[in-house]
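> Predicted model and sequence follow; I will ask about them next.
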Amino acid sequence: VLTDLRLTITPIGPRGEVLPAVSGRCRDVSAGGVRFIADAPVPGEMAYLSFPDVAPVRDWAILTRVLRRTRTAPAQL
């Protein structure tokens, strides 16, 4: 399902420590995963994703494994 929801990415460090959150946008959701873009690099391979603008799940977070990373150049105006 294509979407443009705001989300918060909270990375988990290698020793299980919670790292500073990064803002981003969810681009699509499927039974197999979530595709998102982040406003800054997301360290580590595990992160919690939360959707602060979706009332039914506002207080929940989804533990995810970051499988792929792609760096893109900033959009040209």
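Sure thing, it's come through.

> longest single strand anywhere in this structure?
strand 2-12 (DSSP state E).

> Which residue, neighbours along the chain excluded, lies closest to the residue nearest the centre of the chain?
Centre of the chain computed as the mean C-alpha position; nearest residue by C-alpha atoms, centre = their mean is I9, 4.1 Å away. Once flanking residues are discounted, I9 sits nearest to V22: 4.6 Å by C-beta to C-beta, 6 or more residues apart in numbering. C-beta here means a position set from N, CA and C on the backbone, and glycine is covered the same way.

> quick one, what contacts that neighbour?
8-11, 38-42 (C-beta atoms under 8 Å, 6 or more residues apart in numbering).

> now, which of those residues sits nearest V66?
V42 (6.1 Å; C-beta to C-beta).

> picking up where we left off before, what's the per-residue pLDDT of the residue nearest to I9 here?
The score at V22 is 95. That number is its pLDDT.

> what do you get for R6?
95.

> need the strands for this structure, in chain order.
2-12, 22-30, 33-38, 46-50, 62-65.

> highest average neighbour count across those strands?
strand 46-50 (a mean of 18; mean count of other C-beta atoms under 10 Å).

> Paired strands for that strand, with orientation please.
strand 2-12 (antiparallel), strand 62-65 (antiparallel) (DSSP bridges).

> wait, which of those strands is closest to A55?
That would be strand 2-12 among the strands paired with strand 46-50, by C-beta to C-beta, at 12.1 Å.

> which residues touch that closest one?
Here strand 2-12 has contacts from 18-29, 36, 38, 42-44, 46-54, 61, 63, using C-beta under 8 Å, 6+ apart.

> relative orientation of it and strand 33-38 in degrees?
80 degrees (axes from the mean of the first three to the mean of the last three C-alpha atoms, to 10 degrees).

> gap between strand 2-12 and the chain center?
From the chain centre to the centre of strand 2-12 is a distance of 4 Å (C-alpha atoms, centre = their mean, to the nearest Å).

> Alright, calling it a day.
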